[in-house]
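> quick one, structure for this:
(2 chains)
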Number of protein chains: 2
Amino acid sequence: MTDSYTKTPKTKLRRAHNRGTYDKDVVHAIIDAGLLCHVGYVIDGQPFVTPTIHWREGERLYWHGSAASQALKAQKAGIPVCVTISHLDGLVLARSGLHHSVNYRSVMAFGTAEVVEGREAKEHHLDGLMERIVPGRKDQVRPNTMQEVKGTTVLGMTLDEVVAKVRDGGVVDDEPDYDLDVWAGVLPITQEVGKPIPDPRLKKGIRVPANLKKFKIG
Amino acid sequence: MTDSYTKTPKTKLRRAHNRGTYDKDVVHAIIDAGLLCHVGYVIDGQPFVTPTIHWREGERLYWHGSAASQALKAQKAGIPVCVTISHLDGLVLARSGLHHSVNYRSVMAFGTAEVVEGREAKEHHLDGLMERIVPGRKDQVRPNTMQEVKGTTVLGMTLDEVVAKVRDGGVVDDEPDYDLDVWAGVLPITQEVGKPIPDPRLKKGIRVPANLKKFKIG
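Next up is the predicted model:
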C-alpha cells in the first residue's frame, strides 16, 4: 500500500501546486476533522450539492440517510459523485485586497457510491458512524430495530481519486507593500462545542456521561 | 417583489417539509452567516464541488477567483451550478441511534453563473466582498492595480431557484424511549473567531484597527 493517492486528470492541480497534496495521512486527517461533507451529483445534467454527515473507515468514505431520500436514491444508482470536505481556519488579511486569503483545509474525493446491502453490514457501518461521532455512545442508546435499519440507506465509496488542498500560515504581501501603514495578520476561526444542553424530558438523576463531557469534533 | 422564492421541481422538498422554507429573509440570513459556500458544477458528466468564499448583494450571489482557475473557467461558460451554504449548529443526541440528528441551516441555490465584465463593475463587486467580510477594510488597504483586477474573475448568479433547510431545537424520540436511562440532549456547535494574530513583518506602532476588533462572521 502506498502512502499517496495517484494523481489523475480530475485531481491534478493546475494552479497553486504548493497547496495540494495526495498524502493519505493528510487526506484522512482532513476528512476525520469534519462532521459535514458536501456530496455533489448530477441528475439530468443538473448538479446538486447536498450537505450530510460523513464518516471514514480506512479507505472507505460513508454517508447515509433515509431510504426515501431523493438524493440518496440518485446516488445509489452508481452515478459519479464528488464529495468535498472543507474547514475554514482563518481569514488572512493582507495589505492589498488581492493578497487577502483564507486559511483552509479541504479534500475532494471522486468516485461512485455503492449501497451497503444487508442488515448486518448496515448495522456495522451505522455503529461506525456513532463511534466516530461520539465514541462509546452506541452502547448507551437503544439498539436499532429491524425497521429502522431497513429505512436507512448507507452509501460508501472508495477513497481512490482524491486530492487535498491546504492553505495555512500568515500573510504573503508584495514586497513594497510591507512598508504600508496597514494592519496585516490572521483572524483564526475554529469550530467549538458548547456545553451539553439536556433534553427537557430527561429522566431525573441522569447525568452527562463522561464520553460526552470530553467530546471533540473529529 | 414577493417575500418567497417560487418552488420548482428542483427545489421542491420530497421529505421533511417542515424543515424547508422558501422565505427570502431566512435564505438571506443563512447565506450571510457563512463565509464559505460549495459550488457544484459538471464537466463531461462529472460533478465537481469546490469550496469558495461567497458574498451576496440583494438577490445576487457572487464568488471569485483567479482568472486562471479551471473551476471558474468552466463555470463562466454558463453551465448550470448548484451553490450550497451550510452551517452545522449542533449534534442532537437521542435515546435511539435512529433519532440522532444534527441541527443545521443550509441553502441550495440553482442557477447559471455569469461573468462580471469591465474593470469598474469588477472593482465594485470586489469592494462588496471586502465590505461583507470586514466592513471598513477596503479603505484601509492598498487599492487594487489594473493588473490585479484583470487577473481576477468575478462570477455572479441570481437567487431565483432557492430553498433553505433548517433543523433546530431539541431531541425528538419515540414515545416509549423517554423512559430509558439514556442521557439525551444537544451539543451546540459554533464557529468562533480568535484573537487577531499580527503579521511578523507588521510595521512598528500599527495597532489592530477597531473594525477588526469587533469582527464577527457574517
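> which residue packs closest to the residue of chain A positioned farthest from its centre, ignoring adjacent ones?
Of all residues in chain A, the one whose C-alpha sits farthest from the chain's mean C-alpha position, using CA atoms, centre = their mean, is residue A:179 at 40.2 Å. Nearest non-adjacent residue to residue A:179, counting by CB to CB, 6 or more residues apart in numbering or on different chains: residue B:203, 7.3 Å away. For every residue, glycine as well, the C-beta is placed using N, CA and C.
> what separation do you get for residue A:74 and residue B:213?
From residue A:74 over to residue B:213 the distance is 47 Å, taken as CB to CB, to the nearest Å.
> who has more neighbours out of the two?
residue A:74 (17 against 10; other CB atoms under 10 Å in any protein chain shown).
> residue contacts, residue A:145?
Applying CB atoms under 8 Å, 6 or more residues apart in numbering or on different chains to residue A:145 gives the contacts residue B:98.
> for it, give me the pLDDT.
pLDDT, residue A:145: 95.
> give me the phi and psi for it.
When read as degrees, to the nearest 10, the backbone of residue A:145 gives phi -90, psi 170.
> same question for whichever strand or helix holds residue A:51, mean pLDDT?
Following DSSP states H and E, one finds residue A:51 within strand A:46-57. Computed over strand A:46-57, the mean pLDDT rounds to 96.
> buried residues in that strand?
A:46-56 (16 or more other CB atoms under 10 Å in any protein chain shown).
> contacts with chain B among the residues you listed, please.
A:46-51, A:53 (CB under 8 Å from any CB of the partner chain).
> I'd guessed residue A:203 sits against residue B:184; true?
No: applying CB atoms under 8 Å, one finds residue A:203 not in contact with residue B:184, separated by 9.2 Å.
> okay, those two: which has more neighbours?
Comparing residue A:203 with residue B:184 by other CB under 10 Å, the one with more neighbours is residue B:184, at 27 against 14.
> can you tell me the SS state at the nearest residue to residue A:19 once chain neighbours are set aside?
In this structure, residue A:19 finds its nearest non-sequential neighbour in residue A:165, 5.0 Å apart by CB to CB, 6+ apart. The three-state label given to residue A:165 by DSSP: H, G, I helix; E, B strand; the rest coil is strand.
> please save the CA atoms from the strand holding residue A:51 in PDB.
What follows is strand A:46-57, C-alpha atoms only, in PDB (Å, rounded to 0.1, in the frame of the first residue of the first chain):
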ATOM      1  CA  GLN A  46     -28.100  19.400 -13.300                       C
ATOM      2  CA  PRO A  47     -25.600  19.500 -10.400                       C
ATOM      3  CA  PHE A  48     -26.900  19.100  -6.900                       C
ATOM      4  CA  VAL A  49     -24.800  19.600  -3.800                       C
ATOM      5  CA  THR A  50     -26.200  18.100  -0.600                       C
ATOM      6  CA  PRO A  51     -24.600  18.600   2.900                       C
ATOM      7  CA  THR A  52     -24.500  15.500   5.000                       C
ATOM      8  CA  ILE A  53     -22.700  13.800   7.800                       C
ATOM      9  CA  HIS A  54     -19.800  11.500   6.700                       C
ATOM     10  CA  TRP A  55     -17.500   9.000   8.300                       C
ATOM     11  CA  ARG A  56     -14.500   7.100   7.200                       C
ATOM     12  CA  GLU A  57     -13.400   3.500   7.800                       C
END
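> can you list the strands that it pairs with?
Paired strands of strand A:46-57, with direction, are strand A:36-43 (antiparallel), strand A:60-66 (antiparallel) (DSSP bridges).
> and the shortest one, what's buried?
Spelled out, it's strand A:60-66. Judged by neighbour count using 16+ other CB under 10 Å, the buried positions of strand A:60-66 are A:61-66.
> so is the helix ranked longest in chain A next to chain B?
Ranked by residue count and defined by DSSP state H, the top helix of chain A is helix A:119-133. Yes: judged by CB under 8 Å from any CB, helix A:119-133 comes into contact with chain B through A:126, A:130, A:133.
> most neighbours, which of those?
residue A:126 (23 neighbours).
> picking up where we left off before, any chance of the residues of helix A:119-133 next to chain B in JSON lines, plus pLDDT and distance to residue A:8?
Converted to JSON lines, these look like this (pLDDT from 0 to 100; distance: CB to CB, whole Å):
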{"residue": "A:126", "pLDDT": "95", "distance to residue A:8": "31"}
{"residue": "A:130", "pLDDT": "93", "distance to residue A:8": "33"}
{"residue": "A:133", "pLDDT": "88", "distance to residue A:8": "31"}
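> which regions of chain A lie under the pLDDT threshold?
Scanning chain A for pLDDT under 70 picks out the ranges A:1.
> at which residues are the helices of it located?
For chain A, the helices defined by DSSP H occupy A:24-32, A:70-75, A:119-133, A:146-150, A:210-213.
> among these, show me which one is buried the most.
Ranked by mean neighbour count under mean count of other CB atoms under 10 Å in any protein chain shown, the helices of chain A are led by helix A:70-75, which reaches a mean of 20.
> what's around residue A:97, how many residues?
Counted by other CB under 10 Å, the residues lying close to residue A:97 total 21.
> for the closest residue to it other than its chain neighbours, give me its contacts.
Among residues not flanking residue A:97 along the chain, residue B:144 sits closest, at 5.2 Å (CB to CB, 6+ apart). Shown in contact with residue B:144 (CB under 8 Å, 6+ apart): A:96-98, B:123, B:126.
> just give me the neighbour total for residue A:43.
Neighbourhood size, residue A:43 [other CB under 10 Å]: 15.
> wait, what's in contact with it?
By CB under 8 Å, 6+ apart, the contact set of residue A:43 is residue A:74.
> could you check how far it is from residue B:110?
Taking CB to CB, one finds residue A:43 at 11 Å from residue B:110.
> what about residue A:200, how many residues nearby?
Around residue A:200 there are 9 residues (other CB under 10 Å).
> my read: it touches residue B:172, true?
No: counting by CB under 8 Å, residue A:200 stays clear of residue B:172, with 11.9 Å between them.
> I would like the residues contacting stretch A:54-65, please.
A:28, A:31-32, A:34-37, A:39, A:52-53, A:71-72, A:83, A:85, A:109, A:116, A:125-126, A:128-129, A:132-133, A:152-160.
> again, only this time at 6 Å
A:31, A:37, A:52, A:72, A:125, A:128-129, A:132, A:152-157, A:159 (CB atoms under 6 Å, 6 or more residues apart in numbering or on different chains).
> over to stretch A:149-156?
By CB under 6 Å, 6+ apart, the surrounding residues in contact with stretch A:149-156 are A:60, A:62-65, A:67, A:72, A:75, A:113-114, A:116, A:119, A:122-123, A:125.
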